Structure formats: structure tokens, C-alpha cells
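**Q** Based on what follows, work out the 3D shape:
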Amino acid sequence: MPHAALDQTPLADRWPQVRPERLVAELVPPPRFDAERFGTYHPAPDQPSQRAAVETLERYAGKLASQPTGRRRWFRRKDEPAQGVYLDGGFGVGKTHLLASLWHAAPEPKVFGTFVELTNLVGALGFARTVEALRDHQLVAIDEFELDDPGDTVLMSTLLTRLSEAGVSLAATSNTLPGALGEGRFAAEDFLREIQALSSRFEVLTIDGEDYRHRGLPEAPPPLADEDLAQRVAGAGGVLDDFPALLDHLAKVHPSRYGVLLEAVDAVGWRGVQPVSDQNVALRLVVLADRLYDRDVPVFSSGVPLSELFTPELLRGGYRKKYHRAISRLTALAREACAA
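**A** Numbers count the residues shown, from 1 in each chain. This is a model prediction of the structure:
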């Protein structure tokens, strides 16, 4: 649905500012999950792990609703630490849907954020202020927990330890690469090893299935010609950027502000897409792709297909999960743009 006041300023010409307090207030599920609940998740008939995950999370939500709130949690026995759930599975099996459903079912106060958003929050507030801001919450839900950056992993593990000690319940998701036989089990083991002291407090749920974003759907639309791109973006009331200029601009804007960068944007167009080979550039683009997906913003493009957005070297490297997720999400948004 169009915004009341569209802003067609190219993203590369925007300089968003965000107060730290807003970062905490906006730690909620993405808009596309506003109406999602356990009842709107439809497990695939041939994937019993999906039904089992729903049932387990519904029980977990019931426990959250009955546990002490606020300062009363300080009377929890020391041998009864806050418990957590960890959802592991391939791309597009509904992990975020289920995590958002748990968040909706949990009592206030509660926060929901991606791993990147929470690390950005620590960067904006500082570690001590972040712990203080979240320690009275009933639930902290972390989507897309990432183990590919040792520094960020240690930071998040320490943060979750402090919050768990304060009685905060935790939930997290992470991805398994498609077609990686057995990697789901190893990903879960990696997660439990990295969070060490917290590992005994997490129940691991593995969710199998196909990527729903592409299940039974046609291939992603081919790139547009530059002339057609300009017309389609203008017709959608979107913003058009030259792809190289956009990448340069993203380097000058903190990733925590990428969401604000997209305010009052109904569609985006990228002219002259070329494969990205620089890791830092690629990681910034991943964050932008996540924020576009969160807001359900259609993506038009010219140049190479979005499936070739990252070079083969990057897709084989340590951050490959991020890049595959970005391609999956951008492909879905390109398909939405084509249908608009």
C-alpha cells in the first residue's frame, strides 16, 4: 500500500539520523510479520519437524505467560535459570515466522531483533547500557544468529549470558545452507559451543523443508533494460539508484540506519547491477537486503541477474550463509516487483 507521502529521493542522496532510544523502541518483528501467529503457520505435510516446532514453541509461549514478571524474577532459584529455544533450519522454512509468533504470544516487555540489529544496538548504546535497557524484559528474540564473526559472536554470547542471569528468556534462529547434508546438526553444535555457559539452557529445534519463498513459483524475472527500469520504478512510485553509487553511499551510512534510509519508499530500482566481490561491500548489501525484505519493498534491477549478485568466491566463503539469504530474499522481492 502506498505511503501517504512518498519520497523519491535516491537512496544514495539520503542521510538518515537515528536517536539511540529509537533503536530500542523499534526492536519488534518486521512489518510483514505483524499479523503472523502460530495459527497462520502452515506446516508442510511431509515435514513433521515443522509441526513439532510449532507445538514446542506454543508450550514455551505458555511458560512465558505464566512466569514471574519484572523484579519478581529476582526470586527465581539460582538452579532454575531462564531457558531458551534455538531454531535451526534452511532458508525459507518459516523460522522468522515462528520466532515472530512466539514474540507476539509473549508478555510485555519484549524485544525482537536480528543479530545485526542487536550488535548495532550495543555499538550505539554501549554494552552496559544495552544490558540495563533489556534486563527487565520477558523475552529477547534474536533472528539470524550469526557465528561467522568471532568478535560479534563473543559480544552477543556475553550479552545473552548477562540477560539470562537477570531472568530474561531467550529465543534465536539461524540458517543451514541448502543442500548441505548434516550441516544443520553442525550449525547447532557450533551455536551451543560458541555460547558455552548458555548452552545447557537452550533447546534446539531443527526445522526441515523447502524455501517457501520459491516453492512452486517461477524463476526470478530477468533484469530489465535500463529504459524499462526507469519506467517501471517511476510507475511504482519508487526510487532509482545507480548501483555503484548506492554501494558507495552505503559505506558512509551506519547499517543501523538502513531501515530509516527506506522510510516512505514503496519500491527501489538498481541500475547497472554488477557482481560484488569485496566482502565489506557485500556485507553492507546483505543488511540492506534484510531491511528491504522486512519492509516488503519490491526490487527492480538492470544489469546482471540478482542470482549473480555475489561472486562465486564469496558464495564459497565464510559469510556464504548471509549471501545465500540475501539472494533468496532479493529474488522474492524481484518477483513481487514483476507482479506489481
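
**Q** ok, then the element right after the lowest-mean-pLDDT helix or strand in the chain?
**A** Least confident helix or strand of the chain, by mean pLDDT, DSSP states H and E, is helix 183-194 with a mean of 57. Moving toward the C-terminus from helix 183-194, the next helix or strand (DSSP states H and E) is strand 202-207.

**Q** where along the chain do the helices fall?
**A** All helices of the chain, identified by DSSP state H, fall at 20-25, 48-66, 95-105, 115-125, 127-134, 150-165, 183-194, 226-235, 243-250, 258-261, 279-294, 312-316, 320-339.

**Q** highest average neighbour count across the ones you listed?
**A** helix 95-105 (a mean of 23; mean count of other C-beta atoms under 10 Å). The C-beta positions use only the backbone N, C-alpha and C, and glycine is treated the same way.

**Q** Who are the packing partners of that helix?
**A** Taking 3 or more C-beta pairs under 8 Å, 6 or more residues apart in numbering; DSSP states H and E as contact, the helices and strands that helix 95-105 lies on are helix 48-66, strand 84-89, strand 110-114, strand 139-143, strand 169-175.

**Q** still on that earlier bit, out of the helices of the chain, the one nearest residue 83 is which?
**A** Of all the helices of the chain, it is helix 48-66 that lies closest to residue 83, at 7.8 Å by C-beta to C-beta.

**Q** who's in contact with the closest one?
**A** With contact meaning C-beta atoms under 8 Å, 6 or more residues apart in numbering, helix 48-66 is reached by 38, 41, 43-44, 83, 85, 87, 89, 93-94, 98, 101-102, 105-107, 138-139, 169, 171, 203, 205-209.

**Q** Format the helices and strands packed on helix 95-105 as a markdown table; extra columns: distance to residue 297 and mean pLDDT.
**A** Output for the helices and strands packed on helix 95-105, formatted as a markdown table (distance: least, C-beta to C-beta, whole Å; pLDDT from 0 to 100):
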| stretch | distance to residue 297 | mean pLDDT |
| --- | --- | --- |
| helix 48-66 | 28 | 93 |
| strand 84-89 | 25 | 88 |
| strand 110-114 | 16 | 95 |
| strand 139-143 | 18 | 95 |
| strand 169-175 | 22 | 87 |
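
**Q** To residue 21, which of these lies closest?
**A** Going by C-beta to C-beta, the one of the helices and strands packed on helix 95-105 nearest residue 21 is strand 110-114, 13.2 Å.

**Q** tell me the angle of that closest one relative to strand 139-143?
**A** Orientation of strand 110-114 against strand 139-143 (axes from the mean of the first three to the mean of the last three C-alpha atoms, to 10 degrees) gives an angle of 10 degrees.

**Q** Could you check the angle strand 110-114 makes with strand 169-175?
**A** Going by the same axes, to 10 degrees, strand 110-114 makes 20 degrees with strand 169-175.

**Q** what sits against the nearest residue to residue 223 once chain neighbours are set aside?
**A** Once flanking residues are discounted, residue 223 sits nearest to residue 302: 5.0 Å by C-beta to C-beta, 6 or more residues apart in numbering. Applying C-beta under 8 Å, 6+ apart, we find residue 302 in contact with 223, 224, 225, 226, 228, 229, 270, 271, 272, 273.

**Q** Mind listing the residues bridging to the closest residue to the fourth one other than its chain neighbours?
**A** Taking C-beta to C-beta, 6+ apart as the measure, residue 226 lies nearest to residue 302, with 5.0 Å between them; neighbours along the chain are not counted. Here residue 302 sits in beta bridges with residue 224, going by DSSP bridges.

**Q** related to what we said a few turns ago, out of the helices of the chain, which gets nearest to residue 32?
**A** helix 279-294 (6.7 Å).
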